[in-house]
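**Student:** Sharing a model that was predicted from the sequence below.
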Amino acid sequence: MSTKTSNKQSGLATAYLIFYNVVLTLGWAFILVLTIQTALKWKTPKTDILTAKSIYPTVEFYLLVFQTAAILEVVHAAVGLVRSNPILTLFQVLSRLIVVWLVCYPFKDAKNSLGFSLVCIAWPIAEIVRYSYYAFNLINFVPSFITWCRYTFFIILYPLGVTGELICIYRAFEYVAPLNIRKQYSYFLPNKYNVSFDAYYSFFIVMLLYIPIFPKLYGHMLVQRKKIVGGGAKSEAKKTQ
């Protein structure tokens with residue numbers, strides 16, 4: 001492969017990644033605006049501001065689209081477009097997809113919970129900062145305040161988002177506890193496929209998985225913050241996500 005061809009492919013990859021990150025930045029910004037607009041309508045004493053009954057139908061379509069689009073981050077890492085660990089990226093994306101598609105989408109108790117309100121605050125702010133940081137990084141111009149936000153906001157937003165996720169999962173977990181409801185979302189033995197799936201215990205296992213995974217990912221971000229914001233390194237490698 002000639003140098004000219006290689007440079008052309010590299011240029012196309014960079015252009016694609018810039019486009020991807022800009023679109024995701026705008027998408028999450030729109031979700032945040034919708035969330036704030038909905039929250040501002042909670043003016044009467046009768047409105048329960050601790051629930052998300054009004055938020056979910058407003059943001060549902062956009063949340064499903066832009067969170068699902070994060071699957072491409074795993075693809076980017078797997079094919080070498082970015083220098084990220086595809087397995088670690090998969091775990092980060094998978095937890096969100098579970099909350100969006102398998103918890104909030106089918107269970108009204110989850111989508112109407114305080115947890116969903118927290119998610120609609122923490123996720124958009126974190127993603128606006130993260131994707132804008134990546135976009136700037138790709139053009140070799142990252143404003144210092146974007147870098148600071150990228151490696152500081154997570155200190156509050158990450159625990160806030162995880163708390164929201166766990167509340168949503170727990171509400172779904174509670175909802176499927178009665179056996180008559182549990183049967184609707186489970187697949188018990190005996191059956192012709194000789195496999196079993198129990199929604200109740202599946203949600204329980206998912207919640208338990210946060211115990212080892214959250215500290216590891218949070219600790220990783222703290223280390224990165226010390227290197228970058230603390231002066232341990234001047235910048236990240238280009239295209240690292």
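**Tutor:** Perfect, thanks for sending it.
**Student:** Tell me who's in contact with the spatially most central residue of the chain.
**Tutor:** The residue at the geometric middle of the chain, judged as the C-alpha nearest the mean C-alpha position with CA atoms, centre = their mean, is R96 (4.6 Å). R96 makes contact with Q67, A70, W123, E165 under the criterion CB atoms under 8 Å, 6 or more residues apart in numbering. C-beta coordinates here come from the backbone N, C-alpha and C atoms, glycine included.
**Student:** Kindly provide the distance from it to C168.
**Tutor:** From R96 across to C168, the span is 11 Å (CB to CB, to the nearest Å).
**Student:** Quick check: which helices or strands does the lengthiest helix in the chain pack against?
**Tutor:** As assigned by DSSP state H, the longest helix anywhere in the chain is helix 3-40. On a contact count with 3 or more CB pairs under 8 Å, 6 or more residues apart in numbering; DSSP states H and E, helix 3-40 meets helix 55-68, helix 114-138.
**Student:** so which of these comes closest to L24?
**Tutor:** With respect to L24, and counting by CB to CB, the nearest of the helices and strands packed on helix 3-40 is helix 114-138 at 4.4 Å.
**Student:** returning to what we had before: most neighbours among the contacts of R96, which one is it?
**Tutor:** Counting neighbours by other CB atoms under 10 Å, the top entry in the contacts of R96 is E165, with 28 neighbours.
**Student:** give the contact list for that one.
**Tutor:** By CB under 8 Å, 6+ apart, the contact set of E165 is S95, R96, V99, G115, V119, Y210.
**Student:** Filter these down to just the buried residues.
**Tutor:** By neighbour count, with 16 or more other CB atoms under 10 Å, the contacts of E165 hold S95, R96, V99, G115, V119 as buried.
**Student:** how about a markdown table for these, with pLDDT and distance to V79 added?
**Tutor:** Converted to a markdown table, the buried ones among the contacts of E165 look like this (pLDDT from 0 to 100; distance: CB to CB, whole Å):
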| residue | pLDDT | distance to V79 |
| --- | --- | --- |
| S95 | 91 | 22 |
| R96 | 95 | 21 |
| V99 | 97 | 26 |
| G115 | 96 | 34 |
| V119 | 97 | 29 |
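**Student:** Check those residues against R130 and report the nearest one.
**Tutor:** R96 (12.5 Å).
**Student:** how much space between that closest one and A110?
**Tutor:** For R96, the distance to A110 (CB to CB) stands at 14 Å.
**Student:** the inter-axis angle of the worst-scoring helix or strand of the chain on mean pLDDT versus helix 114-138?
**Tutor:** Each helix and strand of the chain was given a mean pLDDT (mean pLDDT, DSSP states H and E); the minimum falls on helix 3-40 at a mean of 87. Angle of helix 3-40 versus helix 114-138, following axes from the mean of the first three to the mean of the last three CA atoms, to 10 degrees, is 150 degrees.
**Student:** Please compute how far helix 3-40 lies from its chain's middle.
**Tutor:** Using CA atoms, centre = their mean, to the nearest Å, the mean C-alpha position of helix 3-40 is found 15 Å from that of the whole chain.
**Student:** Could you do stretch 60-72 as well?
**Tutor:** Centroid separation between stretch 60-72 and its chain, computed with CA atoms, centre = their mean, is 9 Å.
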